[in-house]
Each structure stands twice: as C-alpha cells, then as structure tokens.
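> next come a sequence and a model predicted from it.
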Amino acid sequence: MKPTVAPFPATRLRRLRSSEALRRLSRQHRLSADDLIWPIFVMDGRDAEEPIASMPGVTRKTVDRAVTAAREAYGLGIPAICIFPYTAMEARTEDCALAWSPDNISNQAIRAIKDAVPEMAIMTDIALDPYNINGHDGFVEDGRIVNDRTVEALVKMALAQAEAGADILGPSDMMDGRIGAIRGALESHGHENVTILSYTAKFASAFYGPFRDAVGATAALTGDKTTYQMDPGNADEAMRLVERDLQEGADMIMVKPGMPYLDICRAAKQTFSVPVFAYQVSGEYAMLQAAAQNGWLDGPKVMLESLLAFKRAGCDGILTYFAPEAARALRDAAGARNRR
C-alpha cells in the first residue's frame, strides 16, 4: 500500500530541494567511481596511441600504454578495465584461430596489466568479430552465422583468457548455449572463480558504429547481425534471455546499448535481483561528445547525468568510455565539498 501524501501546503515537495545539504540528504541514487568499468582498445606496437575519429578522446593503445591507462584507472578508484583488441584485416581469417591464441593482443594485455596492477579487475570480450574476416561474432557458413560450431570456438577463447588472468569474461556474441558451455569449461579446468558478465540482452543496434571503427570491423562486416542480436522491439524476450543465462551460470548480466534500453535494465533488476550492468556504447558516447564539442550541451554535466540515469534504472555498474573523466569529476566534486 502506497503511503498517503498530505495535500499542499502540508506537503511542499520543494522543501527537500531548498538547499544543497537537503538535496544530498534526500538523494535516492548516487554515482561513484565504484560503478564504472572502463573499456579500452589495444593494438600491436610499442609506446603508441592512435585516435579513433568517430570517438573523440578515445584511442587505441599499445600494451605498454594500456598498462599506463590501467594504473591511471586504479588511481582514480575505477575497479575494472575491459579490453577490446584491434586486429588489422591481414590478421583476420575464416577460422578465427587468433581468437584463442595465448599470445593474441588481448591476452598479452591481460598479463601485462595483471602484473602491473594486480588489484585491478580485468574484463574481456568473448566474440569472434575482431578476428573474423567476415566481421561477424560467429562463423559464417553458406551465408549463415552458425551457432554450435561458434560456441566451441568461444569456449576455447574463454579458456585462453582465463589462463591469461582475466577476472571477468564478457561473452558478447549472443549465440545460444554459450554461457553453459563456457561455465562448464571453466569449472573443469580449475577456473571456478572466474566471473561471467554475460551480454544477455544485446540488441541489433545502430549505436555500435564507432566501436566497429575502433576494432577494425567496419570494413570487414558483411551483411548485418540481426539473426543473432536482439530485435530492438522486444522486451519480453530479453527477460527470457536473462533467465536462461543465469540458469546456465552467468554471475552478472549486461544490457547493450544502455540509454535507449533503460527499460530493459529496470525490468531485469526488478525481475531477477541480480547484478545488472549496462554498456554506454560508442554511439551514445560519440553523440554526447559531438554535442558538447559543438557547444550544444554542457559536456561534463550531461556525462554525469547520463551515467546517473543508469543507476536510477537499477544498474549496479556501467561500462563507459567516460570512466576516467567521470571518476575525476566525482573526485574533484568530493574534494571541493571537503574544503568548505
């Protein structure tokens, strides 16, 4: 039963907004660096970075620069970093064998970051698209993205990442049955404490374009991903997917993209009461950055407001390219309050 609200003027809802102190005391949701995972892009080479034109402020980094970034993130209180590889077209193949090589660029970065910043949680991506000459998350046979053969490859990829020292595996491929297969393999190979953050409700979205530029998949992609990523019009199906992945052994679940799918975040949290994450994807980031750079929006304010929206929708954490900037802004705001 909902409590009765006294009529005006006994109830003046503006009372609790009348000062900063009262606003802080009555604030329902808060954002902190603890809520953030920072996605970074790694590439071959040494002591270099390449800007990504469609993602202002984001670069591809060589492994040594990725280690520096991880140290920076840890110093800002960000608990986790997520690694995505950039693979040149000449290194992509039909069999995607590089995806589970112990020495691919992702696994090199895992080992280097874990050695330099052991307390930092390292998340990875599990999907074949960075290594696939066709640009798809799974194997392509006769124009079809095949499920079961792809799952076998994803298991090998997951084990290679776990062996390298990854803490959180992020299957983002949307193949059926991959969570159960990966969980079973982790258990049987002594990796029972490796966490799975499943991209459970990953929609076939137009917001991924800049990311595909970042990992070199734009030119490679043939066709689209609508036969395995979710239809943007479906919400009930997302709940079925969450339930299935939890039953198969996922520890946490992801909704992707984020802001256009806050209703899915909310429903997942209310229905299952498990850790729910959202990915503020490349298109969301690029959109806000472009508007800020054109002077149409206050960049720092919309950044924090957009991230707080995820918390209000029920998310426990957010993958966002804004992570270091947001963590610095939150730290500076706290420092300013403490100096008063």
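Great, that's in hand. What you see is a predicted model; the values in this text were computed from it and never measured.

> that's a strand at Pro118, yeah?
No: using DSSP: H, G, I helix; E, B strand; the rest coil, the assignment for Pro118 is coil, not a strand.

> can you give me phi and psi for Arg60?
Here is the backbone geometry of Arg60 (degrees, to the nearest 10): phi -80, psi 140.

> separation between it and Tyr208?
Arg60 sits 17 Å away from Tyr208, going by CB to CB, to the nearest Å. No exception for glycine: its C-beta is placed from N, CA and C like everyone else's.

> send me the helix or strand hosting Cys265 as CSV with only the CA atoms.
Taking DSSP states H and E as the criterion, Cys265 maps to helix 262-272. Taking C-alpha atoms only, helix 262-272 is exported to CSV below (Å, rounded to 0.1, in the frame of the first residue of the first chain):
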residue,chain,number,x,y,z
LEU,A,262,16.9,1.7,-19.7
ASP,A,263,13.5,0.0,-19.5
ILE,A,264,15.3,-3.4,-20.1
CYS,A,265,17.8,-2.6,-17.3
ARG,A,266,14.9,-1.7,-14.9
ALA,A,267,12.9,-4.8,-15.8
ALA,A,268,15.9,-7.1,-15.4
LYS,A,269,16.8,-5.7,-12.0
GLN,A,270,13.2,-5.9,-10.7
THR,A,271,12.6,-9.3,-12.0
PHE,A,272,15.8,-11.1,-11.1
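
> could you point out which element follows it?
Using DSSP H and E, the helix or strand that follows helix 262-272 in sequence is strand 276-280.

> that following strand pairs with which strands?
Using DSSP bridges, the strands paired with strand 276-280 are strand 252-256 (parallel), strand 317-320 (parallel).

> gap between the first one and the chain center?
For strand 252-256, the distance between its averaged C-alpha position and the chain's averaged C-alpha position is 8 Å (CA atoms, centre = their mean, to the nearest Å).

> quick check: mean pLDDT of it?
Averaging pLDDT along strand 252-256 gives 98.

> show me what it is in contact with.
Around strand 252-256, the neighbours that count as contacts under CB atoms under 8 Å, 6 or more residues apart in numbering are 170, 172, 195-203, 205, 238, 242, 245-246, 261, 264-265, 268, 272, 274-279, 281, 315-316, 319.

> restrict it to CA atoms and write it as PDB.
In PDB, the C-alpha atoms belonging to strand 252-256 read as follows (Å, rounded to 0.1, in the frame of the first residue of the first chain):
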ATOM      1  CA  MET A 252      26.100 -10.800 -13.800                       C
ATOM      2  CA  ILE A 253      24.200  -9.700 -16.800                       C
ATOM      3  CA  MET A 254      24.600  -6.900 -19.300                       C
ATOM      4  CA  VAL A 255      22.200  -4.700 -21.300                       C
ATOM      5  CA  LYS A 256      23.600  -3.200 -24.500                       C
END
